[in-house]
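Novice: Dropping a prediction and its sequence here:
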Amino acid sequence: MPTKPKIIVILGPTASGKSALAIDIAKKFTGEVISADSRQVYQGLNIGSNKVTQEETEGITHHLLDVIKPDQDYSLHDWQEAAFKTIEEINKNHKVPIICGGTGLYLSSILQNYQIPKTDLNLRKELEHFTLEQLIKQLEISDPEILHSIDIHNKVRVLRALEYTLAFKASLKNDQKTQNCPFDYLVFGLDPEREALYTKIDQRVEQMIATGLIDEVKQVYAQYQDKQSHALSGIGYKEIIQYLDGKISLEEAENLIKKNTHHYAKRQMTWFRRMEKQGIKIHWNLAMSDIEKEINNFLK
C-alpha cells in the first residue's frame, strides 16, 4: 500500500506565535509554509491581518498569501483546492509542507478532508439581499448549533453557514461531509495562558495602530467601498471603518479591536478542541526539542 504524503500543521489562537514556530520548523526540516488564514489571502490587508513580512519569513517560501483582491470572492472550496495543489507541488520538490494558521474551517477542510461543493452563485446572490439580522433568524431555524461556533456579527460568516445548510440540508457544525485525509499529518498546537495571550493581543493591536493600520484601512476603504465584503468585515478593519466614518473615537475603535480579538481567540480554541473530539491528535505547547523529536520520528 503506497504511503501518504506527509504534512505538518501548526495551529493556535491569534497572537500565539504560530508563524515564528512554522518558520523555525521550515528552516530545520527544509519546509515551505502554507498560510491557513482567511484574511491573509487578501492583497493589501497586511497590518490588520498580521501578515508575515518578507523580512520575517527569513527566506522561507510562504504560499496562499495575497491570493486575491479585497473585492473578490474566495470560498472555502477555493482555498482547499489551492491548498491541496500547493501541498502536491511542495512534495514534488522534496520539501515538507507546513500548514500554519488559525482559521479552523480551513484547517479542518484539509485534516478532515471536507467534501465541499462549488458555490451556488444564484443562492448566494439571493442571500446577499438579506440583512444580518434576517440571516441570523434564518440560521436559528436551519442550523442553530453553528451560531455558537461562528462570529454572528460577521455577515459573511453567517451567510456562508446559511448557504451550506440550505444547500445540503445539514448542519455545518455536526454534519459536515468528510472523507479520510489524503495525507499523514502531525499537528502542533500553541495554547498560551489566557491572560498572557490577551496581553500579547492588546500589545499587538497597539502596535498595529502605531505602525499604520489606519492608513492601510483608509487606502483599502477608498478603493473598495463595500463594507459588507469579507475582506473589510474582519476584526481590525470594521472597527477602524467605524472610526473613519465618525461613528466612534479612535480609542473606542482600539478597545473594540482588542475585545473582539479576545472573543475570536476563544472561538478559535473552541474549534480546535472540537477537532480533537473528532479524532485529530494535537500536540500542545511542546518545547522545541520535543517538537524536533516528534518531527524526526514522523518523517522517517
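Specialist: Sure thing, it's come through.
Novice: ok, then the element right after the helix or strand encompassing Gln207?
Specialist: For Gln207, the element it lies in under DSSP states H and E is helix 194-210. If you walk from helix 194-210 toward the C-terminus, the next helix or strand you reach (DSSP H and E) is helix 213-223.
Novice: residues in contact with that next one?
Specialist: The set of residues that contact helix 213-223 without belonging to it, under Cβ atoms under 8 Å, 6 or more residues apart in numbering, is 44-48, 70, 231-232, 236-237, 240-241, 243-244, 250. No exception for glycine: its C-beta is placed from N, CA and C like everyone else's.
Novice: From the contact counts, what lies against the helix holding Gln207?
Specialist: Packed against helix 194-210, as judged by 3 or more Cβ pairs under 8 Å, 6 or more residues apart in numbering; DSSP states H and E, are the following elements: helix 250-277.
Novice: Just the angle for the helix it packs on relative to helix 194-210, thanks.
Specialist: Computed with axes from the mean of the first three to the mean of the last three Cα atoms, to 10 degrees, the direction of helix 250-277 lies at 130 degrees from that of helix 194-210.
Novice: which parts of whichever helix or strand comes after helix 250-277 are buried?
Specialist: As assigned by DSSP H and E, the chain's next helix or strand after helix 250-277 is strand 282-284. Using 16 or more other Cβ atoms under 10 Å as the burial criterion, the residues of strand 282-284 that qualify are Ile282.
Novice: Stretch 244-251 too?
Specialist: Leu244, Ile248.
Novice: Could you work out the end-to-end span of that stretch for me?
Specialist: 12 Å (Cα to Cα, to the nearest Å).
Novice: so where is the protein shaky, pLDDT-wise?
Specialist: Counting by pLDDT under 70, the chain contains low-confidence ranges at 1, 117-119, 168-176, 226-229.
Novice: So the residue positioned nearest the centre of it versus Gln80, what's the distance?
Specialist: Central residue of the chain (Cα atoms, centre = their mean): Thr103, 2.4 Å from the mean position. Between Thr103 and Gln80 the computed distance is 11 Å (Cβ to Cβ, to the nearest Å).
Novice: Same check on Gln40?
Specialist: In this view, Gln40 and Gln80 are 16 Å apart by Cβ to Cβ.
Novice: now Gln242
Specialist: Distance, Gln242 to Gln80, by Cβ to Cβ: 32 Å.
Novice: coming back round to it: if I look at the residue nearest to the centre of the chain, how far off is Leu186?
Specialist: With distances taken as Cβ to Cβ, Thr103 is found 19 Å from Leu186.
Novice: before we move on, what about Met269?
Specialist: In this structure, Met269 and Leu186 are 20 Å apart, going by Cβ to Cβ.
Novice: just Val205 next, same as before
Specialist: Distance, Val205 to Leu186, by Cβ to Cβ: 32 Å.
Novice: between the two, who's got more neighbours?
Specialist: Per other Cβ atoms under 10 Å, whichever of Val205 and Leu186 has more neighbours is Val205, with 26 against 21.
Novice: I'd guessed the more buried one sits against Asn260; true?
Specialist: No. With contact defined as Cβ atoms under 8 Å, Val205 does not count as touching Asn260 (9.8 Å).
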